[in-house]
Structures are given as C-alpha cells and as structure tokens.
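S.K.: 3D model of this:
(one chain, ligands or ions: 1)
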Amino acid sequence: MKAVVYDKKSHTDKLVFCDIDKPVPNDSEVLIRVHAVSLNAADYRSMKMGIIPKRKIFGADIAGRIESVGKNISLFKPGDEVLGDLASYGFGGLAGYVTAPERLLVFKPQQISFDEAAALPMAALTALQALRNIANIQKGQKVLIVGSAGGVGTYAIQFAAYFGAEVTGVCSSDNVQQTLSLGAGYVIDYTKEDFTEGDKRYNIILGINGGYPLSAYRKMLTSDGTYVMVGGSLSQIFKSILFGRLLSLGSKKFKSLSAKANKTDLEFVVKLLEEGVIKPVIDRRYSLDKTADAINYLKQGHSKGKVVINIAFALTHPFLLSLRLLA
Ligand SMILES: NC(=O)c1ccc[n+]([C@@H]2O[C@H](COP(=O)([O-])OP(=O)(O)OC[C@H]3O[C@@H](n4cnc5c(N)ncnc54)[C@H](OP(=O)(O)O)[C@@H]3O)[C@@H](O)[C@H]2O)c1
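M.R.: Predicted coordinates:
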C-alpha cells in the first residue's frame, strides 16, 4: 500500500511517500481502508518533539471503510464506514490502510462524506471537552474564543452557540465573516484591535491560539470566570501549566485541557453533524503524496478550519494504480 512514512534522514520534510506492507490486524483490531485523514497540530508537534509513532506513520483523525475484522470484534463488520482518532493508538492514518481497536471507532452515517468525517474527531472533541467538561458552559454565559478560525476554534464557536452562550471570536481580518457565519455574535479582529484592552468581561475564555498575556486574560474574566488553556504557542502552554494554580487563587479559575478520544463524545458530535447543528469547515484538501505540503501549510498557523488528506483509491488499488501509471 502507499503510505507517508517519517524518515529522519530524508531531506524533504522527513516525510517519504512510498510503498510499504499493508498492516495485519490482530484478533482485537479491525483493518480499515482509509479514505480521508485530517491533520492536527499533534502531527507536526509530535514530529518536532521526536515522538514518532511505532510504524512511523502520522495521521490520527481517520475516516474509512472496514476491510476485515479480528475474531474478537463484535461491533463492526467488513463494509462498515467508520471514523475515529487514533492518536492514543499509534496514529497510522496517512496510509492506504490502518488497524484500530473498536473502542476508538464510531459509525460514519452515509450522508456524511469521508472528508467531513475525518475533519471531526480531535478538533471537535477538543472544543467540546474544553467548553462542557472543563469550563462547565451554561446558557447565557459570555464566551471569548481566542483563535476562532482554526480547526478547534471553528468547532468551539459552534458548540458554544449550541449551548446557548453569547460568543465572541478573536481572529484576523480574513476570518471575521467565517467566525460570524458559524454562530459568533461578536468578533474582534486582532489585527485592528487590542482585545485585551476591552471593557467586556467573559465567563469563559478559551485560549486556543496566540500567546496573549495570561494577566490580560485574568483581567477579562468575570469575578468567577474560567480560562481554559487549549493551545497556542508552546511558551503559552508551559506558562499556563506552570502558573495556572497561582492565577487560580481567588474565584477566577485557570485550567488546562488535555482532550481525550471518547466514543460517547464522538457519537454525540456525529449526531449534531447529522442534525445540521454543527458543520466541519474544511479549508484545503491535499492528496496523500502532497502530505508534506499540507503539514507545512498547517504549521504556518493560519488555516481556516481543517486540512484534509484524501487517500485516493487509485493510490491503494494496484489495478487502478497501474492504469494511472500507464496514462
Ligand atoms: N489541549 C488539548 O488537548 C489540545 C487538543 C488539540 C489541539 N490543541 C492545540 O490547540 C491549538 C489549536 O489547534 P487547531 O487545530 O485549531 O490549530 P490551527 O487550525 O492550526 O489554528 C489555526 C488558526 O489559529 C489562528 N491564529 C493564529 N494566530 C492567532 C492569534 N495570534 N490570535 C488569534 N488566532 C490566531 C488562525 O487564525 P487567523 O489566521 O485569523 O490568525 C488560524 O485560523 C494548537 O496549539 C493545538 O496544539 C490542544
């Protein structure tokens, strides 16, 4: 099968598009023919930190069709369409096939495309868990989403609106309309306005991107407000973890999120997508052989929603591949 394999000796972005053996599922795994993968900061950050998956293949968020199942599998059968986040199971999605345990997978409804399904797991669950589990979002609260235009931010706006909050997004000029169209009542263009100087106070601030001073966030919280550190620059993440307890002295809370793959949450999110309550925003699509370009684009930090890799059938099917090569 075709795959994008990490090779630290390679000069071209350390990602090599090549042929490798198809994985063989064990008794407790399914074999999935991957149709689409969405990229996350976890892919390039793990790479940068030298945390390399066992099979040297990145790509956590996958959507595809089950090809075969191990003998202990009871929920799925060949032909079922599924999606899931495999970050806790060694990644492996940037390939024609991947193996996975059934606990990480949910059914993909027919009416949702593979691209949309792949765009869901990690980013949507991060936004959901930050707002619902960590910040305990309530109807009518004022929520500030700093970094409203990327993979996590576009879902955060939609979930906060779904929970009945008044949403303010922070993004650059290019993304103002997108932020409003996803359900934000207000938007602050950080290229024109220093939003940390505003008078408005928020019950919840999600720090998804950017590296704004934590003291400014503290000032912008209501007296019992909660700041949730989701992501941003590495220094911002370390500062939030180091000083979170100190900044939480008093009634304002500074918390950090470590999002987890969760089948119930993913089923909930899929249902909201089916009902048209949320929608994935897909910025760009790349073919598998252009994965390095896709990762370089994502790394620049200004994607508008999700970046998806299509694992074209022609790349994984030997007959179609030979036709393609003859053409
Ligand atoms: N805690 C967890 O469990 C967890 C889980 C998943 C992800 N994360 C982290 O969450 C962060 C965001 O992930 P993502 O997938 O959403 O990334 P992403 O899609 O790459 O985010 C790109 C977006 O960030 C916005 N942005 C860049 N600089 C900004 C700034 N100074 N102020 C406001 N917005 C800014 C950009 O909007 P503009 O172009 O408009 O600037 C762009 O749309 C990453 O750091 C990731 O590591 C954490």
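
S.K.: Please give me every residue in contact with Gly231.
M.R.: Ala41, Gly147, Val152, Gly207, Ile208, Asn209, Ile237 (C-beta atoms under 8 Å, 6 or more residues apart in numbering). (C-beta placed from N, C-alpha, C; glycine too.)

S.K.: again, but for Tyr217
M.R.: Applying C-beta under 8 Å, 6+ apart, the residues near Tyr217 are Thr196, Ile205, Gly207, Tyr227, Phe254.

S.K.: so Tyr6 sits right up against Ile57, yeah?
M.R.: Yes - here Tyr6 lies in contact with Ile57, judged by C-beta atoms under 8 Å, at a distance of 7.2 Å.

S.K.: what residues does the stretch 101-250 of the chain put near the ligand?
M.R.: 122-123, 126, 146-147, 149-153, 170-172, 174-175, 190, 208-210, 230-232 (C-beta under 6 Å from any ligand atom).

S.K.: quick check: domain ranges of this structure?
M.R.: For the chain, automatic domain parsing gives the domain ranges 2-120+280-326, 122-256.

S.K.: Could you report the pLDDT at the residue of the stretch 1-150 of the chain found nearest the ligand?
M.R.: Nearest residue of the stretch 1-150 of the chain to the ligand, counting by C-beta to the nearest ligand atom: Gly150, 2.3 Å away. pLDDT for Gly150: 97.

S.K.: Quick one: the strands in the stretch 151-300 of the chain, in order.
M.R.: 166-171, 186-189, 202-207, 221-229, 253-256, 282-287 (DSSP state E, counting those that start in this stretch).

S.K.: If I average pLDDT within each of these, which one is lowest?
M.R.: Looking at these, the weakest mean confidence is strand 253-256, a mean of 93.

S.K.: Quick one: residues in contact with that one.
M.R.: For strand 253-256, contacts defined as C-beta under 8 Å, 6+ apart pick out 134-135, 214, 217-218, 225-229, 237, 240-241, 243-245, 247-248.

S.K.: Report the buried members of these.
M.R.: 134-135, 214, 217-218, 225-229, 237, 240, 244, 247 (16 or more other C-beta atoms under 10 Å).

S.K.: can you give me the mean pLDDT across stretch 6-18?
M.R.: 86.

S.K.: end to end, how far does that stretch reach?
M.R.: This stretch, stretch 6-18, spans 10 Å end to end (C-alpha to C-alpha, to the nearest Å).

S.K.: List of residues touching that stretch?
M.R.: Residues contacting stretch 6-18 (C-beta under 8 Å, 6+ apart): 2-5, 47, 52-53, 56-58, 288-289, 291-292, 295-296.
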